[in-house]
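>>> The following block contains a protein sequence and its predicted model.
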Amino acid sequence: MKINGEKIKELIIKNLKWIILFICVICFLELAEEVFHNEIMKRDIIGYKIISTYLISDFTIPIAKIITNFGGAICLIMISVVLLIVIKNKRIGIAVCANLAIAWGVNSLLKNILQRPRPTEYRLIDESGYSFPSSHSMVSMAFYGFIIYLIYKYVKNKYLKWSLITILGVLIVLIGVSRIYLGVHYTSDVLAGFFVAISYLVIYISVINKFIMKK
């Protein structure tokens, strides 16, 4: 039994990324099915109630608007261009830009398939287009998540590495929360965006590694 347990543990560790992908895909499909049947889920109501009760104030509204811009097209494109210029290995710079383009394309495709209207009860900013999955949440997770992977793989200084990873990880979560906070997405939109992005990243990183490491 001990040997079998060790083998199972080794197998799980070896295939962890694919297990994560599978779990995220299942979670997304469950949310998508509920959205397809035009359901407003309890988690949507609970998520917004928590944020609106404890976070919304005159002080935090400007902060939320600033944070949400870090997941917007202009900011992400600017960061991509800067990284393309400053990173010595141009294959990595190209991979960063390609990742952003693909993530946006996948998000647009999913939105046009499911066509969920945005919430209308409470809006702090104007936003057009469909709601599910959240493009800010999905693209931010895919974009900054890929940068986190690159930092983990290539940055040697441990203090700098984990400081950057922590900052970007917190930023991803805050961008998702800001979309609910500003009234332009349901909680399920944000969660779905995260689930799709993580699944996509597992595949993208597995494929792009061959391109980056190619001589």
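That came through fine. These numbers come from a predicted model, not from an experiment.
>>> rest of the way, CA atoms for contacts and neighbours
Noted.
>>> need the next SSE after the helix-or-strand element of the chain with minimal mean pLDDT, C-terminal direction.
Least confident helix or strand, the chain: helix 2-14 with a mean of 66, by mean pLDDT, DSSP states H and E. Moving toward the C-terminus from helix 2-14, the next helix or strand (DSSP states H and E) is helix 16-36.
>>> what's in contact with that next one?
For helix 16-36, the surrounding residues in contact (C-alpha atoms under 8 Å, 6 or more residues apart in numbering) are Ile12, Met41, Leu114, Arg116, Ser188, Ala192, Phe195, Val196, Ile198, Ser199, Tyr200, Val202.
>>> Look up the pLDDT of the fourth one for me, please.
So that's Arg116. Looking at Arg116, its pLDDT stands at 85.
>>> who are the neighbours in contact with it?
Each residue near Arg116 by C-alpha under 8 Å, 6+ apart is listed here: Val35, Phe36, Asn38, Tyr130, Ser131, Phe132.
>>> Packing partners of whatever helix or strand Ile102 lives in?
Assigning secondary structure by DSSP H and E places Ile102 in helix 90-114. With contacts taken as 3 or more C-alpha pairs under 8 Å, 6 or more residues apart in numbering; DSSP states H and E, helix 90-114 sits against helix 16-36, helix 73-86, helix 135-154, helix 187-213.
>>> If we go by neighbour counts, what in that helix is buried?
By neighbour count on 16 or more other C-alpha atoms under 10 Å, the buried set for helix 90-114 is 91-100, 103-104, 106-108, 110-111, 114.
>>> Among the contacts of helix 16-36, give me the pair with the biggest separation.
The largest separation in those, counting by C-alpha to C-alpha, is between Ile12 and Arg116 at 36.2 Å.
>>> what's near enough to touch the one residue sitting closest to the centre of the chain?
Using C-alpha atoms, centre = their mean, the residue of the chain that lies closest to the mean C-alpha position is Met141, 2.1 Å off. Taking C-alpha under 8 Å, 6+ apart as the contact definition, Met141 lies against Ile172, Gly193, Phe194, Ala197, Ile198.
>>> Which residue, neighbours along the chain excluded, lies closest to the second one?
In space, and not counting its chain neighbours, Gly193 is closest to Met138: 3.9 Å by C-alpha to C-alpha, 6 or more residues apart in numbering.
>>> Report pLDDT for that neighbour.
With respect to pLDDT, Met138 has a value of 94.
>>> same question, Lys215
For Lys215, the predicted pLDDT is 49.
>>> Then Tyr186?
For Tyr186, pLDDT reads 85.
>>> Over to Pro133?
What the model reports for Pro133 is a pLDDT of 90.
>>> Look at it and give its secondary structure.
Under DSSP: H, G, I helix; E, B strand; the rest coil, the three-state class of Pro133 is coil.
>>> close enough to count as contact, it and Ala197?
No - at 10.1 Å, Pro133 and Ala197 do not qualify as touching, with contact defined as C-alpha atoms under 8 Å.
>>> Which of those two has more residues huddled nearby?
Counted by other C-alpha atoms under 10 Å, Pro133 and Ala197 do not tie: Pro133 has more neighbours, with 31 against 28.
>>> Return the residues in contact with that one.
With contacts defined as C-alpha under 8 Å, 6+ apart, Pro133 is in contact with Asn107, Leu110, Lys111, Ser188, Asp189, Val190, Leu191, Ala192, Gly193.
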